[in-house]
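Trainee: Okay, here's the prediction I keep looking at, along with the sequence it came from:
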Amino acid sequence: MPTSKTGTWNRFAPIRDQRGFTLAELAIVVFIIALLSLLTIPNLADMGGSDLKSAGRRLAGTVRYLYNEAALEGLNYRLTFDLDKNAIKAARQNETGEWQPVTGRFKGITLPGDVRLHNASIAGRGSFSSGAVTTQIYPAGWIDETALQLQDGEDKMTVRFSPLTGTAEFFDGFREFRK
């Protein structure tokens with residue numbers, strides 16, 4: 001009669017040397033994968049506005065960068081929003097008062113995909129839907145209160161820049177602010 005390490009062999013005792021997964025373990029893994037896919041698939045449908053969000057983040061980063069540069073260098077900066085050409089350019093006022101394009105780390109802003117500048121509102125000057133509009137960034141830690149409306153097909157977003165901090169607030173859809 002065959003024997004095991006613990007004594008006599010019992011054909012009804014569980015065999016502990018087998019490798020592999022039980023049906024219960026496989027069912028748990030399939031359940032976890034199904035649960036994760038249920039949580040992530042709805043987020044994939046929201047990927048359509050990613051160019052719009054990317055453009056908003058890029059604008060916010062640029063304004064914050066120029067805001068800090070103005071404070072560090074003690075010089076005025078300005079952003080020009082060309083609503084007809086869908087272009088954004090930055091300039092710096094040198095010590096003699098002349099405006100020069102910003103060079104170095106900042107190379108200008110190109111909006112991704114089909115994102116368009118729809119409207120620009122500057123506090124005290126009004127709202128513009130065509131032409132070139134400028135917003136000033138002052139070395140004393142101030143920026144003209146600016147709200148930009150961006151559009152990518154049917155998706156719309158408003159980016160508003162705080163005058164005291166240079167930070168951006170993002171809003172779904174088009175919003176109007178006090179002028």
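Mentor: That came through, no problem.
Trainee: In this protein, what helix or strand scores lowest on average pLDDT?
Mentor: strand 3-4 (a mean of 54; mean pLDDT, DSSP states H and E).
Trainee: what ranges do the strands span in the chain?
Mentor: 3-4, 7-8, 77-82, 87-93, 99-101, 116-122, 126-128, 132-138, 142-143, 146-152, 155-161, 168-172 (DSSP state E).
Trainee: out of those strands, deepest packed?
Mentor: For the strands of the chain, average neighbour numbers computed from mean count of other Cβ atoms under 10 Å are highest in strand 146-152, which has a mean of 22. Heads up, the C-betas are built off the backbone N, CA and C, glycines and all.
Trainee: what's the pLDDT at residue 43?
Mentor: Confidence at residue 43, expressed as pLDDT, is 61.
Trainee: so where's this structure shaky on pLDDT?
Mentor: Applying pLDDT under 70 to the chain flags residues 1-18, 42-49, 105-108, 178-179.
Trainee: can you list the domains in it?
Mentor: Domain assignment of the chain by automatic domain parsing yields the ranges 15-46, 49-172.
Trainee: Determine how far the longest one lies from the middle of the whole chain.
Mentor: Offset of domain 49-172 from its chain centre (Cα atoms, centre = their mean, to the nearest Å): 15 Å.
Trainee: The shortest one now?
Mentor: Here domain 15-46 shows a centroid-to-chain-centroid distance of 32 Å under the convention Cα atoms, centre = their mean.
Trainee: re the thing from before, now render the strands of the chain as TSV, adding distance to residue 19.
Mentor: TSV is the format used below for the strands of the chain (distance: least, Cβ to Cβ, whole Å):
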stretch	distance to residue 19
strand 3-4	18
strand 7-8	25
strand 77-82	65
strand 87-93	62
strand 99-101	68
strand 116-122	60
strand 126-128	71
strand 132-138	66
strand 142-143	66
strand 146-152	53
strand 155-161	52
strand 168-172	53
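Trainee: who wins for proximity to residue 26 among those strands?
Mentor: Among those, the nearest to residue 26 by Cβ to Cβ is strand 3-4 (28.6 Å).
Trainee: just to revisit the earlier point, and of the strands of the chain, who's closest to residue 30?
Mentor: strand 3-4 (34.8 Å).
Trainee: Roughly how far does the residue lying closest to residue 163 once chain neighbours are set aside sit from residue 34?
Mentor: Leaving aside its chain neighbours, residue 163 sits nearest to residue 145 (4.5 Å; criterion: Cβ to Cβ, 6 or more residues apart in numbering). Distance, residue 145 to residue 34, by Cβ to Cβ, to the nearest Å: 49 Å.
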